[in-house]
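Colleague: I would like to see how this sequence folds:
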Amino acid sequence: MMRVTNSMIVKRTKTNINSNRAKVDHTNNQMSIQKKITKPSDNPIIAIRSLRLRSTLSTITQYYDNNIPDVESWMDCTQTAMLNMKDLITDAYKQTVYGANDVLEPENRLTILKELQSLQQQIYCEGNADYDRRTIFTGYKTNQDVTFMSSEEAKAEHYKITETFDFKDIDKKQYYKGGFDDTSDTGMIGAPGSTTMPSVPVFDEVDLNRLRLSYNNITADQNSLSITYTDPATNKKNTITLSADGSSLTSQGCTFSVQQDAANNDYISVNVPEGYFAVPSTIAGTPVPPATSAPLADGTHTVQIYSKEDYDATQVPPVKPGAVGQAVSVNYDSTADQKLTTNDLMITDNSVNPPVTKPIVYKVRDTADLKKNGYDVGANEIVFDNETGELLFQDSVAEAFDAGKASFSFTYDKNGFEEGELHPEYFFNCTRYMTERDDIVYENFDENGNWITQAIKYNIASGQQMQINTEARDVFDPNIRRDITELIDVVQMAISSENTVKEIEAKIKNGDYTADELEHLNKWLDAANKQFDYAKQNMHDTYSSYITKFQGYLDDINLGITNLGGREARVELTKNRMSVQKSTFKELKSMNEDMDLSDLVINYTAASVAYQAALQSAAKIGKMTLLDFI
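Modeller: Prediction:
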């Protein structure tokens, strides 16, 4: 048997006391923080699991408490703006239905006019809605507005814009000639003492086809029209580009332009596609023009186009033997507005007998000129009214476009806008001209004509993104404002025509005129009544046709609202899942780290009792000596 000394007992007693004191301290710490461990070394397994659970819970909390509410708020703002836009379009739709009525009193037309004028100013205002100082419809450019906010800002802006159409976008419109609104004595019966009276205008309608741009008041000489069509005979696709000044065109990839030499004689210069070479006959090469040349003859001029493999400038002749070039021709007419034309797109003029086939001609004219000449658009002409922003042409041209399934690209210069109009960079490829820094180029379509989206996406769950924004082009059709403007013009014409009739009737009733003057005034009255009858019928027809248009706009906005609602529903589902996951991981984290309070009380009580018992035992042991054991 081992001998146990008093010092050994005391030493072990101290050890036991310290051990029990450590247990009391440990359970006391657990009581304070209610955690299983106070440092990783207490239990490495719990520590590792705790790190993983805390990291996962922090990520879920970020999604649930921050990202998802931000997404919901953004979408709520978007939905509110879209619903407001829907209300505005609905109001416009109601006005088209109202205006299509056959029986309207003057006050009814005036009410329609005021409603439409108000809508014209408000229709795009919702596009400038923002969330947390970020504009919600402008894609990545959240610090900009969708519309021009002030007249000063709008008038100072200058853009080059490219719009695209196809033959399905061509629509019919009635124009008129012989209209008038001057009811003064001088205007109708002539100046005092005059022996002749002004001729009574013959009011008539002119039906034309058109493609309408998104803006009006276009710079007259800074535009070009590209037409891509398929030749029904050869099934070959070709593109021609016509310039506003008529001095250049592009056909089969070659650009022809009229230039002048040192003697001020015209010559034709040609640029060919990359990888090809031109061998001219009567056409000068580029970039070096002839020093002098004889006056260019009117007629057809042809150039042969050779590929790089068939052309060697170091040889004489430069064309390799047996090489076959492609002939590209242009027609030159020194007296025409459009000096260059191409036979690639020929229009049949059936207004003459026998019918005549002519090359297409592109002209730029203003509204005043067209009205003055009774909208005399030729059978083979495309006329661009730069004031109204319309390409006008007869049925013969429209039929050729339909047959060739034509598509169009129109590039134009727009200097100065109106307050409330849309910024073009959200809808088209364009260049914004800047005065104090480099111009800004906006490429919104890829080479295949597909829209390059600017989707803003938020992470709303692990591995799950959600597009939060709706782009302006999905909600705000540039044609809406233009349509409302046309509805305003139509009702204004009806109001003005009715006022003209009333003013002439009042003159006839109350004026002091000779019999000849009264007879002449009655002729003016007949013309005014005809004009008013047309105006009423035109208002009925236009408003009736625009019912379908505005129903289409309503369908588009409803589709946008539906798509937004679908995304909101997916966000709500994700939010519910994140809520469950957050609760689950909180529970797992608690199970891994937290101590049950009742267990802590029991453990602490047990440790405290053991510690007190150890102290009492030590007190008794300290009093004993060796004699107590003899």
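
Colleague: spatially central residue in the chain, please.
Modeller: In the chain, the C-alpha nearest the mean C-alpha coordinate belongs to residue 427, at 2.6 Å (CA atoms, centre = their mean).

Colleague: contacts only, for the closest residue in space to it that isn't next to it in sequence.
Modeller: When the adjacent residues along the chain are set aside, residue 427 lies closest to residue 473, with 5.2 Å between them (CB to CB, 6 or more residues apart in numbering). Placement of C-beta: from N, CA and C, glycine included. Shown in contact with residue 473 (CB atoms under 8 Å, 6 or more residues apart in numbering): 426-427, 451.

Colleague: now do the strands in the stretch 401-550 of the chain.
Modeller: Using DSSP state E, counting those that start in this stretch, the strands of the stretch 401-550 of the chain run over residues 407-415, 429-432, 440-442, 457-461, 464-467.

Colleague: could I get those strands as CSV with mean neighbour count?
Modeller: Converted to CSV, the strands of the stretch 401-550 of the chain look like this (neighbours: other CB atoms under 10 Å):
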stretch, mean neighbour count
strand 407-415, 19
strand 429-432, 19
strand 440-442, 14
strand 457-461, 17
strand 464-467, 16
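
Colleague: want to throw these into a markdown table with distance to residue 314 and mean pLDDT?
Modeller: What follows is those, written out as a markdown table (distance: least, CB to CB, whole Å; pLDDT from 0 to 100):
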| stretch | distance to residue 314 | mean pLDDT |
| --- | --- | --- |
| strand 407-415 | 39 | 95 |
| strand 429-432 | 40 | 96 |
| strand 440-442 | 39 | 95 |
| strand 457-461 | 57 | 93 |
| strand 464-467 | 58 | 92 |
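
Colleague: nearest to residue 35, of those strands?
Modeller: Taking CB to CB, strand 457-461 is the member of the strands of the stretch 401-550 of the chain nearest to residue 35, at 29.3 Å.

Colleague: direction included, what does that closest one pair against?
Modeller: Using DSSP bridges, the strands paired with strand 457-461 are strand 464-467 (antiparallel).

Colleague: hmm, residue 408 and residue 164 touching each other?
Modeller: Yes - with contact defined as CB atoms under 8 Å, residue 164 reaches residue 408; the gap is 6.7 Å.

Colleague: nearest to residue 571 among the contacts of residue 473?
Modeller: Distances from residue 571 to the contacts of residue 473, taken as CB to CB, are shortest for residue 451 (24.0 Å).

Colleague: bridged to that closest one, which residues?
Modeller: Going by DSSP bridges, residue 451 forms beta bridges with residue 445.

Colleague: ok, it - contacts?
Modeller: Taking CB under 8 Å, 6+ apart, we find residue 451 in contact with 444-445, 473.

Colleague: and if we set it to 10 Å?
Modeller: Residue 451 makes contact with 427, 444-445, 471, 473-474 under the criterion CB atoms under 10 Å, 6 or more residues apart in numbering.

Colleague: any idea how many residues pack against residue 515?
Modeller: 7 (other CB atoms under 10 Å).

Colleague: one more: residue 148?
Modeller: 20.

Colleague: ok, it touching residue 426?
Modeller: No - judged on CB atoms under 10 Å, residue 148 makes no contact with residue 426 at a distance of 12.0 Å.

Colleague: so how far is the helix or strand encompassing residue 617 off the chain centroid?
Modeller: Under the criterion of DSSP states H and E, residue 617 resides in helix 597-623. Relative to the centre of its chain, helix 597-623 is centred 80 Å away, using CA atoms, centre = their mean, to the nearest Å.

Colleague: and it, what other elements does it pack with?
Modeller: helix 6-33 (3 or more CB pairs under 10 Å, 6 or more residues apart in numbering; DSSP states H and E).

Colleague: who are the packing partners of the following helix or strand past the helix it packs on?
Modeller: Under the assignment DSSP H and E, the closest C-terminal helix or strand after helix 6-33 is helix 44-62. Applying 3+ CB pairs under 10 Å, 6+ apart, one finds that helix 44-62 contacts strand 457-461, helix 515-593.

Colleague: hmm, who's touching the shortest one?
Modeller: Strand 457-461 is contacted from outside by 59-60, 62-64, 66-68, 70-72, 74, 464-469, 570-571, 573-575, 577-578, 581, using CB under 10 Å, 6+ apart.

Colleague: next one: stretch 512-528
Modeller: Contacts for stretch 512-528 (CB under 10 Å, 6+ apart): 178-181, 183, 185, 187-190, 197-203, 497-505, 507-508, 511.

Colleague: distance to residue 155 added to the strands of the stretch 401-550 of the chain, as CSV?
Modeller: Shown next, in CSV, are the strands of the stretch 401-550 of the chain (distance: least, CB to CB, whole Å):
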stretch, distance to residue 155
strand 407-415, 9
strand 429-432, 15
strand 440-442, 18
strand 457-461, 37
strand 464-467, 35
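
Colleague: point out where the stretch 301-450 of the chain drops to low pLDDT.
Modeller: Applying pLDDT under 70 to the stretch 301-450 of the chain flags the ranges 313, 316-317.

Colleague: quick one: the helices in it?
Modeller: 367-372, 395-403 (DSSP state H, counting those that start in this stretch).

Colleague: would you tell me which of the ones you listed gets closest to residue 138?
Modeller: Closest to residue 138 of those is helix 367-372 (CB to CB; 33.1 Å).

Colleague: any buried residues in that closest one, and which?
Modeller: Within helix 367-372, the residues that count as buried by 16 or more other CB atoms under 10 Å are residue 370.

Colleague: for it, packing partners?
Modeller: strand 171-177, strand 381-385, strand 390-393.

Colleague: which other helices and strands contact the second one?
Modeller: In this structure, strand 381-385 makes packing contacts with strand 204-212, strand 223-230, strand 361-365, helix 367-372, strand 390-393, helix 395-403, strand 407-415, judged by 3+ CB pairs under 10 Å, 6+ apart.

Colleague: closest one to residue 265 among the ones you listed?
Modeller: Evaluated over the helices and strands packed on strand 381-385, closeness to residue 265 peaks at strand 361-365, with 23.5 Å, by CB to CB.

Colleague: what angle do the closest one and strand 223-230 make?
Modeller: Counting by axes from the mean of the first three to the mean of the last three CA atoms, to 10 degrees, strand 361-365 lies at 150 degrees to strand 223-230.

Colleague: buried residues, strand 361-365. List them.
Modeller: 361-365.

Colleague: now these in TSV, with distance to residue 243?
Modeller: Compiled in TSV, the buried residues of strand 361-365 are given as follows (distance: CB to CB, whole Å):
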residue	distance to residue 243
361	12
362	8
363	11
364	10
365	15
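
Colleague: pLDDT of stretch 115-123, averaged?
Modeller: For stretch 115-123, mean pLDDT rounds to 91.

Colleague: just the CA atoms of it, as CSV, please.
Modeller: Provided in CSV are the C-alpha atoms of stretch 115-123 (Å, rounded to 0.1, in the frame of the first residue of the first chain):
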residue,chain,number,x,y,z
GLU,A,115,-58.4,66.4,-73.8
LEU,A,116,-55.9,65.4,-76.5
GLN,A,117,-53.7,68.5,-76.1
SER,A,118,-53.5,67.7,-72.4
LEU,A,119,-52.7,64.0,-73.1
GLN,A,120,-50.0,65.1,-75.6
GLN,A,121,-48.1,66.8,-72.8
GLN,A,122,-48.6,64.0,-70.3
ILE,A,123,-48.3,60.9,-72.3
